[in-house]
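Engineer: sharing a model prediction with you, sequence too.
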Amino acid sequence: MRRATSLAAVFLALVLPARAMSFHTSYEQLISDLETLQAEHAVPGFALTVVSGRHGLQTGAGGVADLDSGRPVTADTLFRIGSITKTFNALAILLLVEQGRLDLDTLMRKIIPDAPLENPWADTHPVRVAQLLGHERLLEATSIARMERPATTLGARHGLTYGCGPGLDQSLRKGFRWYGHGGDGDGYLSHFAYNREADAGYFLTINAFKHDALHAMRDRVQDYLTHALSPPRPPPSGIDPDTLRQLTGTYVAVTRRFAWQAPDRLDEDRLQVVLEDGALYTRSSNGRRLLIPAGAHRFRREGQPLATIAIAAQDGDRYLQAEFGNYRRVGEMP
């Protein structure tokens, strides 16, 4: 695990300030809890690294690295990190930006003229370096902030700070925002994330392709790191009913991230935005969910500390952009 641990520790040390905090349970208890989850989900082995302002670098492991030999997982066991390498690619590119050797707005065709890019909107929206990043010499604080903030999407242009930045994804758990990235492939899953309120981050990896197992173990680690904290409260905000009414209608999906998500059946993925009793809701096959105003064009769900959804106009159309997909309005509500 040492190579993966070192990579995670370097990145987390870059982004986290030195500040002391205490955790509710011991690190040894956390590892014991992960061993219980490992057994429940039949995962051969796991490894964990935590970086915090109070305790520095801590590592732990459980299970076996090889089922045939029974060799145990230790701090020297090698694990794959997969797409987490995108985070380090983004760090390297932003370092070039700081040095004045690259611009995030540079067209990819100018750098690699024969790049195999399939972009039906190339004439009006050509692919730039910043968009590819969306999928110690310490970096400046502004560069770290740039990695944490999406900037190329319609929602970002309307003030949405939640989403994918250059090399970093975001997720929410119990009112806390986590920045990080995951990696997956045959036989393993890896994930790292950090939370600024907790002044702590982690790298977690398992040698099994079991998302339920990784999610359960990840949730336990995140709860351990934030147990003594209160989540930030979202600021009050409101939008008058007439403005909300202009956002209602039927929306249809317009993008897919992966080919296996049936891009040829986008028109079957629909949701409605409705105004009921002065409040805005989304209606879909998953039921009705409240949209709470969090600023102009921005909304959050119940229990979320910040806006995660944007509804905005572009080129005469209205779009809804969120973590669960991107939708274009195809019909207004009567």
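Structural biologist: Received the coordinates, thanks.
Engineer: show me the longest helix that occurs in the chain.
Structural biologist: Across the chain, the helix with the greatest residue count (assigned by DSSP state H) is helix 211-226.
Engineer: with just CA atoms, put that helix into CSV.
Structural biologist: Extracted in CSV, the C-alpha atoms of helix 211-226 (Å, rounded to 0.1, in the frame of the first residue of the first chain):
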residue,chain,number,x,y,z
HIS,A,211,-19.3,-1.0,-4.8
ASP,A,212,-21.6,-1.7,-1.8
ALA,A,213,-18.7,-2.8,0.2
LEU,A,214,-16.6,0.3,-0.6
HIS,A,215,-19.6,2.6,0.0
ALA,A,216,-20.2,1.1,3.4
MET,A,217,-16.6,1.4,4.4
ARG,A,218,-16.2,4.9,2.9
ASP,A,219,-19.3,6.1,4.9
ARG,A,220,-17.8,4.7,8.1
VAL,A,221,-14.5,6.6,7.5
GLN,A,222,-16.3,9.8,6.7
ASP,A,223,-18.5,9.5,9.8
TYR,A,224,-15.4,8.9,11.9
LEU,A,225,-13.8,12.1,10.6
THR,A,226,-16.8,14.4,11.0
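Engineer: give me the helices and strands touching it, please.
Structural biologist: Helices and strands touching helix 211-226, by 3 or more CB pairs under 8 Å, 6 or more residues apart in numbering; DSSP states H and E, are helix 27-40, strand 45-52, strand 169-173, strand 176-185, strand 188-195, strand 200-206. For the C-beta atoms, the positions are set from N, CA and C on the backbone; glycine is no exception.
Engineer: from Asp267, how far out is the residue nearest to Gly331 when sequence neighbours are not counted?
Structural biologist: When the adjacent residues along the chain are set aside, Gly331 lies closest to Thr250, with 4.4 Å between them (CB to CB, 6 or more residues apart in numbering). Per CB to CB, to the nearest Å, Thr250 is found 11 Å from Asp267.
Engineer: and for Leu290?
Structural biologist: Taking CB to CB as the measure, Leu290 falls 26 Å from Asp267.
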